[in-house]
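K.L.:
sequence plus predicted model, see below.
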Amino acid sequence: MDYFIDDSIMQKGRPATAGSKMLANFISPLDATVVTRLKTLANTEIHSKSGTDEFGASALTLEPSDNLPAAVEAVKNGTASIAICNDYTGSVRLAAAANGLSYIHPTYGTVSRFGLIPAASSMDQIGVVCNSLSDGFSALEAIAGANPKDGAMFPDERYSYQPGKSGIKIGVPAHAAKDPAVSEFVKNFDSVEFELKYFDVYSHVMLILCFAELCHNINRYDGIKFGHRAENFQGLDGLYVKSRTEAFGFSAKLAAIMGAFVLSGENYTLYYDKAMRIRRLIKESLDFGKYDAIILPAHSENDPLTRLAYTALPQLAGLPSVTVPFGGGISLIADVKRENTLFSAIKEAGL
Amino acid sequence: MGFTDIRRILTIFNIKKYENMSMLELPDGQRERIDSCAETLIAGFAALEAIDTDGTKPLVTVLDLHNILREDTAAKLFTRDEILSNAPEQYDGYFQVPGTLE
């Protein structure tokens, strides 16, 4: 089987740029754990290509973008049947659905991130773009499982993904109930409408946390040990400033500046600390005793803030989700480590 | 100080201050673009103010897990040459950097 690995995931001896000029000449010294695991499979061909979405952060600028994520492009054009990438902003899954593909976002802490160039660490999670969800879950089964090189993981050594029981009950957030794709999808399911609390601030919480974490993670790029180093600088500070200014694109610069803003002494409590508290409220507001999976639209045509909001919940709460191109795109979200519930619902829908 | 006050301050948005903190020196066109983007973002963040978070602890990680500690055993992941292989400049087996004392 042919796999595509986004170049934010390291493959020994190959470029790993995360779409940034900062890492244009960076050659990975190691294989990420997911790569090591894929290489153990029989008849595996691994492809990669430098992307253009720097640190996957373009969605945070709230500016329109026509760029197709490299992982989606690879599966769409037939280079690979499976693509592996980190979709912490939700832009990959939206592009996947818009192009007739599916995306599986596994539970946070079930797939090792060792060898992934970090972006927003509390939300970074390697997932799978696929044509067929059966193939996608098989690939996920190959890469998932505890790894001592990633300290933020569940201890389970392996996971088995198979569709299980039918009769999945879908929770439909009231504000999404009239979405044509959502209402069409739930026709054949037992469903319950409920209020998805705090939805109005999902995007803002996401932005604050992503900026803070990205800012922290890209602070390591200073032109000293690796990455771009400017020429004709004055002094050590001059080297840092000129190297970073020359190499970072707009989204990385915005993240660095907004991250510095929300983490600064005068703003920390108002923004970063507040966002972390609301994140807890969001997680604790969900009640998977009343439904097996939550459905949300996953349309690319929404405005940037709405797009972020509709794709934020899995990352904010560490939950698994599956996005499929049904009616332009829907996402199903289940409780922690309940990927099989999602698999079951998709099979029950005949997809 | 509330959100409104902060927004007013940031409308002036001392972008140079955060630029300095971020070790960046933006060209003029880009500074205005980021300034404008920041203003929009910060105006949106005001929506958080309406949510009562008194008594709620910050959620630092979504995992309900304790620290996972490994045995403290030595392991050699890379050779010196491998570590230096991505260095912009190196000299005699070390990273080469500009002088730090003036």
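P.N.:
Nice, thanks for sending it over.

K.L.:
A:N340: how many residues sit nearby?
P.N.:
The local packing of A:N340 (other C-beta atoms under 10 Å in any protein chain shown) involves 18 other residues. (Glycine included, C-beta is placed from N, CA and C.)

K.L.:
check contacts around it.
P.N.:
Listed by C-beta atoms under 8 Å, 6 or more residues apart in numbering or on different chains, the contact set of A:N340 reads A:Y161, A:Q162, A:P163, A:G164.

K.L.:
distance check, the third one against chain B.
P.N.:
According to C-beta to the nearest C-beta, to the nearest Å, A:P163 and chain B sit 26 Å apart.

K.L.:
likewise for the first one?
P.N.:
Going from A:Y161 to chain B by C-beta to the nearest C-beta gives 20 Å.

K.L.:
next helix or strand past the host helix or strand of A:C85?
P.N.:
When elements are assigned from DSSP states H and E, A:C85 belongs to strand A:82-86. Tracing the chain past strand A:82-86, the next element assigned as helix or strand by DSSP H and E is helix A:91-98.

K.L.:
residues making contact with that next one?
P.N.:
Helix A:91-98 has contacts (C-beta under 8 Å, 6+ apart) with A:53, A:56, A:58-59, A:65, A:68-69, A:71-72, A:75, A:85, A:87, A:102-103, A:105, A:127, A:129, A:298-300, A:307, A:311, A:321, A:323-325, A:328-331.

K.L.:
quick one: mean pLDDT for that helix?
P.N.:
Mean per-residue pLDDT for helix A:91-98: 96.

K.L.:
centroid-nearest residue for chain B?
P.N.:
Within chain B, one residue has its C-alpha closest to the average C-alpha position: by C-alpha atoms, centre = their mean, that is B:S22, at 7.3 Å.

K.L.:
let me see the confidence value for that one.
P.N.:
Confidence score, pLDDT, at B:S22: 97.

K.L.:
what's the burial count for the residue nearest to it when sequence neighbours are not counted?
P.N.:
Leaving aside its chain neighbours, B:S22 sits nearest to A:A256 (3.9 Å; criterion: C-beta to C-beta, 6 or more residues apart in numbering or on different chains). When neighbours are counted by other C-beta under 10 Å, A:A256 registers 26.

K.L.:
residues making contact with stretch A:243-255?
P.N.:
Residues beyond stretch A:243-255 that count as contacts (C-beta under 8 Å, 6+ apart) turn out to be A:20-22, A:24, A:53-55, A:57-58, A:60-61, A:210-211, A:214-215, A:218, A:221-223, A:227-230, A:233, A:256, B:22-27, B:30, B:33-34, B:37-38.

K.L.:
quick check: phi and psi at the residue nearest to the centre of chain B.
P.N.:
Here is the backbone geometry of B:S22 (degrees, to the nearest 10): phi -90, psi 0.

K.L.:
for it, what are its contacts?
P.N.:
If you count contacts by C-beta under 8 Å, 6+ apart, B:S22 has them with A:C215, A:R244, A:K253, A:A256, A:I257, A:G259, A:A260.

K.L.:
filter these down to the ones in strands?
P.N.:
In this view, these have no member that belongs to strands under DSSP state E.
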